[in-house]
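1. compute the structure for the input listed below.
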Amino acid sequence: MKTTKLDLTGLKCPLPALKTRKALKSVIPGDCLEVHCTDPLSVIDIPTLIQETGDKVEILERSDVRIVFLIEKANGAIGKSNAASPRVG
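-> Below you'll find the predicted structure:
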């Protein structure tokens, strides 16, 4: 398992979430993205983004000066197979 670090300190909403979404595209399933932020709104924005992507997120550190997220990239096969399934009913 590989962990890639992404330093988004100093960036304000919506940039941390947008840059996290972009960085996740290059992360291989099973690997992690460690995101460092200073924007207090990232505590809301990044978990919301991860809920949409189906990945896993954990807050490793939360203080007045920074927030550190650890995001594990999900396999994605389940979401893709569900999206391609025909509707029944």
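2. all contacts plus neighbour counts: C-alpha atoms, from now on.
-> OK.
3. quick check: buried residues in stretch 37-53?
-> By 16 or more other CA atoms under 10 Å, the buried positions in stretch 37-53 come out as 37, 38, 39, 40, 42, 43, 45, 46, 47, 49, 50.
4. correction: stretch 60-68
-> 67, 68.
5. other residues contacting that stretch?
-> By CA atoms under 8 Å, 6 or more residues apart in numbering, the surrounding residues in contact with stretch 60-68 are 9, 34-40, 42-43, 59, 69-70.
6. let's see 6 Å
-> 35, 36, 37, 38, 59, 69 (CA atoms under 6 Å, 6 or more residues apart in numbering).
7. let's have the buried residues of stretch 37-53 in a markdown table, adding secondary structure, distance to residue 21 and pLDDT.
-> Putting these into a markdown table (DSSP: H, G, I helix; E, B strand; the rest coil; distance: CA to CA, whole Å; pLDDT from 0 to 100) gives the following:
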| residue | secondary structure | distance to residue 21 | pLDDT |
| --- | --- | --- | --- |
| 37 | strand | 14 | 98 |
| 38 | coil | 17 | 98 |
| 39 | coil | 16 | 97 |
| 40 | coil | 18 | 95 |
| 42 | helix | 13 | 97 |
| 43 | helix | 15 | 96 |
| 45 | helix | 11 | 97 |
| 46 | helix | 9 | 97 |
| 47 | helix | 11 | 97 |
| 49 | helix | 7 | 96 |
| 50 | helix | 9 | 96 |
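8. turn those residues into a markdown table, columns for distance to residue 25.
-> What follows is the buried residues of stretch 37-53, written out as a markdown table (distance: CA to CA, whole Å):
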| residue | distance to residue 25 |
| --- | --- |
| 37 | 19 |
| 38 | 22 |
| 39 | 22 |
| 40 | 24 |
| 42 | 19 |
| 43 | 21 |
| 45 | 17 |
| 46 | 15 |
| 47 | 16 |
| 49 | 13 |
| 50 | 12 |
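9. great, nothing more from me.
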